[in-house]
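S.K.: Fold the following, please.
(2 chains)
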Amino acid sequence: MSAKMNLIACLTAALVLGWVVPCLAAGEGADKAFEALKTYDWGTDRNVLKPIDDAVVASHKDAAARKDLETRLAGVLGTDASRAAKDFVCRQLSLIGTAPSVPALAGLLADEKLSHMARYALERMPCPEAVAAMRDALPKVKGRVKVGVINSLGVRRDAESLAAMVALLGDSDEETVAAAVAAVGAIGNAEAAKALEAFQAKAPKSLRLAAADAYLACAERLLADGKKAEAMAIYKALAKADQPKHVRVAATRGLLAVAGKGKQ
Amino acid sequence: MKSKATMTRREVLKGAAAMITAAPYVITSAALGAGAKPAASDRITMALIGCGGRGTEVIGGLVASGAQVVAACDVYRDRREAVAKRYQGKAYADFRELLARDDIDAVLNATPEHWHALVSVEACRQGKHVFCEKPLAFTVYEARTVLDVARRYDRVFQVGTQQRSDRNYRFACELVQNGYIGEVKSVFAEPGGTSRHCDLPAQPVPPGLDWDMWLGPAPWAPYHEKRCVNLYEWWNWRDYSGGLMTDRGAHDYDIVQWGLGMDGSGPVEIIPPDGKGSMLTYRYANGVILESGDGGWGTAGRPGALVVFRGTKGEVSVWRGGIKTDPPSLADVKIGPNEIHLYESDNHQANFLECVRTGRRPAADVAVGCSSVIVCHIGNIARWVNHPLKWDPVKLTFPDDEQANRMTWKPMRQPWRV
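M.R.: Residues are numbered from 1 along each chain as shown, chains lettered A, B, ... in the order given. Below you'll find the model as predicted:
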């Protein structure tokens, strides 16, 4: 082999090793971190998990590595790892989770201690399976856990949940009703407007402001979608004298916005 | 404000009546509005939500400018009771009960960062005007929501970026906007770094603290004093703060935005530090580069809250208590009547109260606070993903990065929502 060829071979080997060795080291680091996750709890040095954070960051352009990480992370949720460990996993899945992680996360939605972190991931995951899982959980959860699921569906403006939300406007728990009202306002389509109009007329005193706010939010959504007539109807209804002053101010601003006027 | 005026007079007369048995009838000069204080009947009634160090300091400034404090709320019982006692108001453990009062015109929101948006939007929904300590909100989504709700109800909303009421900063930005340093090429600020994940162990919750309420929308975690006892603790932790990037960045980037005329807009690209000495770098659509140092205020002897604008014809450096120009003659410029004059306010608290009376937008209006804090958040997100990002300041999204977009909000713990 000529000297030139030897040099090229050596440089190539150095380049490959320069890439492979760090990758192997990174892989070993992540393996150790997954092992540490089994016994991780609050009070343990968070840095033991840093290789997983780093692996998530590094997987930005490596779909295969990301998929592998996701599978390993989701697998932790079905073990007896601590709440703190599962909290960590949910945070990572909130960044890289896709449809295959949904079942493991959905399994935590009814868990009072872990429901929020399951939603932390599901709410951020753009795949339709994530929002479907929360929608499916709605009739199966109760109390504040239910309120959390409603809130997440509201953030996602899940129109497919609307019928379930409208049914919850008649719930006996006021926190649930308040959450459902807000979610219906966030969904903000014509059917939502009808439901809110009906609810407004009979809302208990304690929920009147929440109902008005949801109705205003709905009007804003309709206006943004070009549905001026529907928005105007809401603003006219809320401009009446029986509404608090600041609600009437909001309704007046809305009417000006429909007319293309008013300060921003 | 007719009903509040009536109540306030009633309170004044009640106090005066109590003295009749002991002394001749007396109405204090403060009640009559002598000196700088408005008459009792014209005072804006306020409440303080978040009675820590900054809250108690700022509420003092609002009172000195003529506000009347009638209520205080904090999750630490001692703090809320101390403030309530000082101002002869009522103490509340739950801000929602306080906000339901119809005799409160405005609130000072001095809660920890992760609570800012929640308290602010609820206050607006209850018809209150808001003075919210900076940073406006904990995430991009929350900032936008606060703006939307504040505008929905047309509330006067001041963000606590008091440098907007500082003549040095205003003059510096006027020099820049009027072209006195030529075409701006770059800006330097040094707010500091980001927050980190908390791994503190559990401690017993001290009596008098509602830990669940302190956490609020943040993920549950066991109590530890160093998570929460004051600003200098909770600003370290990512579940409650963006770190110095938001705490100081809210000030620094606000001035950058002001000087560049970028209120309501923002940068279009963010490049995180490379770990080998480069700074966090933002690029605006007009090519201006903002370099942001990690060292924080006071690094290498530089003054705190320093912002340096560099142009083709000169440079202006401004900080708390000082300004320096190159060439030095720029410091003597008088901005002419036909030139750009920026919003003039010399007292941030008084400006807020004046705007509550008149309906005018304040110096650090919520829209300004929104676009400024978003600069902080997108910088943090670039750090956390550790690769360059493009940003759309109109749509408030990263056009080609789904993971970064997931970071523009943090799902809240039940039952909380904005």
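S.K.: got any ranges where chain B has weak pLDDT?
M.R.: Applying pLDDT under 70 to the predicted model, the residue ranges of chain B that meet it are B:1-41.
S.K.: show me where it has strands.
M.R.: Under the criterion DSSP state E, chain B carries strands at the ranges B:45-49, B:68-73, B:90-92, B:106-109, B:129-132, B:157-159, B:184-189, B:269-271, B:280-283, B:289-292, B:307-311, B:315-319, B:322-326, B:389-390.
S.K.: could you pull out the helices for chain A?
M.R.: A:3-37, A:50-58, A:63-76, A:83-96, A:102-106, A:115-124, A:128-137, A:143-155, A:162-168, A:174-187, A:190-202, A:208-224, A:228-238, A:245-258 (DSSP state H).
S.K.: close to chain B, is the second one?
M.R.: Yes: using Cβ under 8 Å from any Cβ of the partner chain, we find that helix A:50-58 touches chain B at residue A:57. Placement of C-beta: from N, CA and C, glycine included.
S.K.: Which secondary structure elements does that helix sit against?
M.R.: For helix A:50-58, the elements it packs on are helix A:3-37, helix A:63-76, helix A:83-96, judged by 3 or more Cβ pairs under 8 Å, 6 or more residues apart in numbering or on different chains; DSSP states H and E.
S.K.: tilt between the last one and helix A:115-124?
M.R.: Yep, that's helix A:83-96 we're talking about. Per axes from the mean of the first three to the mean of the last three Cα atoms, to 10 degrees, the angle that helix A:83-96 makes with helix A:115-124 is 10 degrees.
S.K.: How far off centre is stretch A:162-169?
M.R.: The chain centre lies 20 Å from the centre of stretch A:162-169; the measure is Cα atoms, centre = their mean, to the nearest Å.
S.K.: Alpha carbons of it, as PDB, please.
M.R.: These are the backbone C-alpha positions of stretch A:162-169, laid out as PDB (Å, rounded to 0.1, in the frame of the first residue of the first chain):
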ATOM      1  CA  LEU A 162     -67.700  18.900  22.300                       C
ATOM      2  CA  ALA A 163     -70.700  16.700  22.900                       C
ATOM      3  CA  ALA A 164     -69.100  15.200  26.000                       C
ATOM      4  CA  MET A 165     -68.200  18.700  27.300                       C
ATOM      5  CA  VAL A 166     -71.700  20.000  26.700                       C
ATOM      6  CA  ALA A 167     -73.000  17.100  28.700                       C
ATOM      7  CA  LEU A 168     -70.700  18.100  31.500                       C
ATOM      8  CA  LEU A 169     -72.200  21.500  31.700                       C
END
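S.K.: Switch the strands of chain B over to a markdown table; also include mean neighbour count and distance to residue B:141.
M.R.: Output for these, formatted as a markdown table (neighbours: other Cβ atoms under 10 Å in any protein chain shown; distance: least, Cβ to Cβ, whole Å):
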| stretch | mean neighbour count | distance to residue B:141 |
| --- | --- | --- |
| strand B:45-49 | 27 | 21 |
| strand B:68-73 | 25 | 25 |
| strand B:90-92 | 18 | 28 |
| strand B:106-109 | 28 | 18 |
| strand B:129-132 | 28 | 16 |
| strand B:157-159 | 32 | 17 |
| strand B:184-189 | 21 | 24 |
| strand B:269-271 | 20 | 18 |
| strand B:280-283 | 22 | 20 |
| strand B:289-292 | 21 | 22 |
| strand B:307-311 | 23 | 27 |
| strand B:315-319 | 22 | 32 |
| strand B:322-326 | 16 | 36 |
| strand B:389-390 | 18 | 17 |
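S.K.: how about those, which one is nearest chain A?
M.R.: strand B:129-132 (9.9 Å; Cβ to the nearest Cβ).
S.K.: quick one: stretch B:368-381 near chain A?
M.R.: No: when contact is scored as Cβ under 8 Å from any Cβ, no part of stretch B:368-381 falls within range of chain A; the minimum is 10.9 Å.
S.K.: Also stretch B:243-254?
M.R.: No: Stretch B:243-254 stays clear of chain A (Cβ under 8 Å from any Cβ), getting no nearer than 15.2 Å.
S.K.: ok now that stretch, how far from the chain's centre?
M.R.: Using Cα atoms, centre = their mean, the mean C-alpha position of stretch B:243-254 is found 10 Å from that of the whole chain.
S.K.: From what I see, residue B:331 and residue B:323 are in contact.
M.R.: Yes: here residue B:331 lies in contact with residue B:323, judged by Cβ atoms under 8 Å, at a distance of 6.7 Å.
S.K.: what's the domain layout of the chain?
M.R.: Picked chain A for this. Domain ranges of chain A: A:1-141, A:160-264, per automatic domain parsing.
S.K.: was after chain B, sorry
M.R.: Domain ranges of chain B: B:2-162, B:163-195+B:244-406, per automatic domain parsing.
S.K.: Please determine how far residue B:66 is located from chain A.
M.R.: Counting by Cβ to the nearest Cβ, to the nearest Å, the gap from residue B:66 to chain A is 22 Å.
S.K.: Spit out the contact partners of the closest residue to chain A within the stretch 201-350 of chain B.
M.R.: Of all residues in the stretch 201-350 of chain B, residue B:201 sits closest to chain A, with a separation of 3.0 Å (Cβ to the nearest Cβ). For residue B:201, the contacting residues are A:42-43, B:222, B:224, by Cβ atoms under 8 Å, 6 or more residues apart in numbering or on different chains.
S.K.: now swap in residue A:119 and tell me
M.R.: Residues near residue A:119 by Cβ under 8 Å, 6+ apart: A:109, A:134, A:148-149, A:152, B:411.
S.K.: Alright, I will stop here.
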